[in-house]
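Trainee: quick one, structure for this:
(chains A, B and C)
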Amino acid sequence: MGFKNYCFRKSLWVFHFGGASCNNCDIEILDCLTPRHDLERFGILLVGSIRHADLLLVNGSINKHDRERLVEIYKQAPKPILVVAIGACGCTGGIFADSITFAGPVDKVIPVDAYIPGCPPKPEAIIAGIVKLVNKRR
Amino acid sequence: MTEESIISEFTAKFKPDILEVARKNQKRAVITIKPEAILRTAGHLYKEAGLRFIIASAIHTKRGFEIYYHFSLDSAGLILNLHVVLDSVRPEIESLSNMFNASNWIEREMHELFGINFLNHPNQDKLISEGNWAEGVYPYRKEFKSVSEEKK
Amino acid sequence: MSRKTLIPIGPYHPLQEEPELFKLYCDGEIVKDIQWVTGYNHRSIEKLSESKTYEQVFFLVERICGICSTSHPFAFANAVEEIAGIEITDRTKYIRSIIGELERIHSHLLWVGLAGHFLGYNTVFMWAWKYREPVLDLFEMITGNRNSYAMFRVGGVRRDIENHKIAEIRRVLGEVKSKTDLLTGAVMDDPVIHARTKGVGVLTRQDVIDYGAVGPTARASGVAIDVRKDDPYAAYPLVDWKVITSEAGDVFAKAEVRLLEMYESISIIEQCLKGLEKEKEGEINVKVTEIPEGMGNGRAEAPRGEVFHFVVSDGSNSPARHKIRAPSYVNIATFKKSCIGQTIADATITLAGVDPCYCCTERLAVVCDAHSGEKLMNAKELIERSAVRTASLNKEFNCNK
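Mentor: You can find the predicted model right below:
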């Protein structure tokens, strides 16, 4: 295991970027942290600044306004960072792919490590996706 | 006040300004007025009759730009739509924002998306695109084609 | 000397839903002006809707907001049914109202949690979100999904609530009710919550009328508007319930209105379930052949207030124009009244009071001159300034003693 992967072994700190989304993925992400699923047991914590994060969760279709913000946030992130696209909109643009303000799904803007599809994905699916991603880096 | 008395009072007071009155059912009314009468008619509805301004919708049709101002009489469940038809080349109309704040944002939005000019509006800056994607174009006009539509 | 500083809140920080940017112009700790910058979430749904058929638009409007994902289809269905003059069956009415009220319960619980979080009271946050889970399970049982239920269609609903499921719904409702009692007691009696929310972000009756505010925001200021009562739709005229209002107009009143509304919602659902048992299973759709030319105004009471859909049909199979007015559109504008004059710490809960569900973990980035936007101080200067301030506070404290 290289040093980079060693960084992702425990206690992932998560920063959440909600693009032009419908909030469903956002509340399901939050739901993962509340008592029923309680990810904080494993040291997974939602942090207020990208500079503290190991993992960037991006959901929602990215519109022309968000695009530059997302790039900026990705640049500010300490490397290495894992990027996860959540939900149908984050993965492909979903129902909003034809919109006049659409600026490409997440992977057209920044490199993405994992995709968690669903509209919205259930908290279990989000957790399973993150677990798969972490295991793969081992 | 009941919906009948509101509408009869309104039609009696602004008879010369009214072009058409249509009643879909008891709780929905569409009154077409001349654009220059918007300030006094909307002022009457808001101040004297006590209706609440819900929102305004603009439509780009063959007749030009049409705006529906939706007012609600909450005590009776009535929605009264004031309808104006504006010129298709230079659409402009008096702003209602100096009377109530509720119309401030929607007028900015219509200015941005349809290019309708609101006279005496306090601040007609862009509301949602902020010089980012709707620069010099009006995306909700019928002639506007999005990228995916052009491909077809 | 007064020098205004600009504090940006947003657009991106965790725990909030919509990316929004508030610029607070402050003098010391007092908010002097507020400006809202938006567009981070614009998806041009109104334009998209013109390219979709009526059946498809339901899936689109459901994704306007994930939390009000019943209210928008509800209002759209009301609008289209008004154009076509469709009368839906009683069973459909009950099912629609049940879904609408379950959504109100889960949304209000969500708000109570987030409001607790804004106050730095994370226990309430965790509690409320825990008690919200059974409601989501109920949704999963009835509709197959936790959010975005896809229940509505023109002239009916997609899925029936079979009578054998009613017992389970009753059981969960009982559970939610007892938990709501617990939560209401904890929130209403807490001296800290009283201190933080009473008299904060007051919106007067006149402000509400001026800005056209709706929903709990208006009802907390004594304006008793509720579409369910004023312009009844679905099963609301068939059941017995009352509109909750409060007079104070502050954040506490808004919380009170929401908490008490949950009891009304539970009672509405219980009555609807009784009605459902009387109706025949399976009668959930009316055959719709075409949508004629015309226009319709559809309204529905979302957890946050009145949702308004205006649909113009040209006789084809997709809307010619579809205007959507979500409640937050008018409610957010009231921040100009409620936030100004508050301290920065209170501004966050005031912003949340309207329920745009919105959090403020963003910290002060750079201090800018509010007029020129120039950077005035760097981090070192700020630290020095805070040291001076602390020293002066210490001195003051000692003097007072």
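
Trainee: now residue C:200: which helix or strand?
Mentor: For residue C:200, there is no enclosing helix or strand under DSSP states H and E.

Trainee: looking at it now. What's its pLDDT?
Mentor: pLDDT recorded at residue C:200 is 86.

Trainee: distance of residue C:230 from chain A?
Mentor: 27 Å (CB to the nearest CB, to the nearest Å). C-betas here are computed from N, CA, C, even on glycine.

Trainee: I'd say that residue and residue B:54 touch.
Mentor: No. If you go by CB atoms under 8 Å, residue C:230 and residue B:54 don't touch, sitting 11.9 Å apart.

Trainee: list residues touching both of those two?
Mentor: Common neighbours of residue C:230 and residue B:54, using CB atoms under 8 Å, 6 or more residues apart in numbering or on different chains, are residue B:72.

Trainee: helix, strand or coil: sort out residue A:14 for me.
Mentor: Recorded secondary structure, residue A:14: strand (DSSP: H, G, I helix; E, B strand; the rest coil).

Trainee: what number of residues lie near the closest residue to it other than its chain neighbours?
Mentor: The shortest distance from residue A:14 to any non-neighbouring residue, by CB to CB, 6 or more residues apart in numbering or on different chains, is to residue A:55 (4.8 Å). For residue A:55, the neighbour count with other CB atoms under 10 Å in any protein chain shown is 22.

Trainee: surely residue A:55 touches residue A:80?
Mentor: No. Using CB under 8 Å, residue A:55 is not in contact with residue A:80; the gap is 10.4 Å.

Trainee: residue of the stretch 301-401 of chain C closest to chain B, please.
Mentor: Nearest residue of the stretch 301-401 of chain C to chain B: residue C:323, at 3.6 Å (CB to the nearest CB).

Trainee: and what about the closest residue to that residue other than its chain neighbours, helix, strand or coil?
Mentor: Spatial nearest neighbour of residue C:323, excluding adjacent residues (CB to CB, 6+ apart): residue B:57 at 3.6 Å. Recorded secondary structure, residue B:57: strand (three-state DSSP).

Trainee: just the residues contacting stretch C:96-103, thanks.
Mentor: By CB under 8 Å, 6+ apart, stretch C:96-103 touches C:67-71, C:74, C:77, C:88, C:135, C:138-139, C:142-143, C:149, C:151-152, C:157, C:161, C:169, C:234-236, C:239, C:265-266, C:268-269, C:272-273, C:276, C:300-301, C:303.

Trainee: stretch A:129-138 too?
Mentor: A:1, A:5, A:8-9, A:12, A:44, A:55, A:82, A:84, A:86, A:113-116, A:121.

Trainee: can you mark which positions in it are buried?
Mentor: A:129, A:130, A:133, A:134, A:137 (16 or more other CB atoms under 10 Å in any protein chain shown).

Trainee: and which of these is nearest chain B?
Mentor: Of those, the one sitting nearest to chain B (CB to the nearest CB) turns out to be residue A:129, at 29.1 Å.

Trainee: for the helix or strand that contains that closest one, the distance to its chain's centre please.
Mentor: Secondary structure assignment for residue A:129, by DSSP H and E: helix A:123-136. For helix A:123-136, the gap between its own C-alpha mean and the chain's C-alpha mean amounts to 11 Å (CA atoms, centre = their mean, to the nearest Å).

Trainee: tell me how many other residues surround whichever residue of chain A sits closest to chain C.
Mentor: In chain A, the residue that lies nearest chain C is residue A:24 (2.9 Å; CB to the nearest CB). Neighbours of residue A:24 under the rule other CB under 10 Å: 28.

Trainee: just residue C:133 next, same as before
Mentor: 18.

Trainee: now do the same contact list for the residue nearest to it when sequence neighbours are not counted.
Mentor: Leaving out its chain neighbours, the residue that sits closest to residue C:133 by CB to CB, 6+ apart is residue A:36, at 5.0 Å. Contact analysis of residue A:36 by CB under 8 Å, 6+ apart lists A:123, C:130, C:133.

Trainee: follow-up on the earlier one: what's the closest of the contacts of stretch A:129-138 to residue C:205?
Mentor: residue A:86 (42.4 Å; CB to CB).

Trainee: let me know the secondary structure of the residue most central in space within chain A.
Mentor: When CA atoms, centre = their mean is applied to chain A, the residue found nearest the centroid is residue A:57 (1.4 Å). Put simply, residue A:57 is strand when judged by three-state DSSP.

Trainee: specify the beta-bridge partners of it.
Mentor: residue A:16, residue A:84 (DSSP bridges).
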